[in-house]
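No sequence on hand, only this structure:
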């Protein structure tokens with residue numbers, strides 16, 4: 001068993017921030033290379049003319065999921081040592097709605113807005129200013145929202161446990177669903193691009 005690398009002491013904990021910085025730079029490069037610094041590219045998902053956001057992020061999630069399951073199965077890492085954020089149902093739903101509205105109205109998510117800033121996009125700068133104002137406002141008003149924020153805590157819940165399904169079966173079904181979504185997205189893109197305005 002050789003991983004996770006830092007929790008198991010394979011890599012000293014002092015490297016934690018260095019590795020996080022390098023991964024963040026790689027992630028930012030990937031976002032920019034995929035065209036995510038453009039709000040038009042991102043808005044394409046909502047208008048149906050460009051589903052690259054769905055393809056890139058779903059592919060990344062599926063690759064990570066498959067890699068973790070395979071590495072755990074082969075004994076190369078202990079997946080039970082991976083930290084899973086607590087799942088607060090109410091705040092996840094409310095936060096998802098707010099995030100989705102912000103995404104649809106602004107054309108950026110927090111990560112892609114920083115990509116836009118890195119190449120000098122003014123709309124990304126305005127979006128990120130609003131993002132920081134929202135974070136500041138939430139932190140100042142947190143005592144009012146704390147009850148809602150911490151309600152319905154399911155701990156480090158996993159979807160397949162919540163629905164009573166084996167991890168590998170869930171992973172397989174998710175991959176099948178993703179392939180179906182990719183074909184569906186390609187069909188919608190083709191139809192939308194053929195529409196004359």
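On my side now, so go ahead. Since the model is a prediction, treat every value here as computed from it, not as a measurement. Numbers count the residues shown, from 1 in each chain.

Where do the strands of the protein begin and end?
Applying DSSP state E to the chain gives no strands.

Centroid-nearest residue for it?
Most central in the chain under C-alpha atoms, centre = their mean is residue 57, positioned 6.9 Å from the mean C-alpha point.

now the end-to-end length of stretch 9-18.
With C-alpha to C-alpha, to the nearest Å as the measure, stretch 9-18 spans 16 Å from end to end.

what does the average pLDDT come to for that stretch?
Averaged across stretch 9-18, pLDDT comes to 87.

Show me which positions of that stretch end up buried.
For stretch 9-18, the neighbour count (16 or more other C-beta atoms under 10 Å) marks no residue as buried. Glycine gets a C-beta too; all of them are placed from N, C-alpha and C.

circling back: distance check, the residue nearest to the centre of the chain against residue 191.
From residue 57 across to residue 191, the span is 22 Å (C-beta to C-beta, to the nearest Å).

other SSEs contacting the worst-scoring helix or strand of the chain on mean pLDDT?
When the helices and strands of the chain are scored by mean pLDDT, DSSP states H and E, helix 39-47 comes last with a mean of 85. If you count contacts as 3 or more C-beta pairs under 8 Å, 6 or more residues apart in numbering; DSSP states H and E, helix 39-47 packs onto helix 52-74, helix 89-106.
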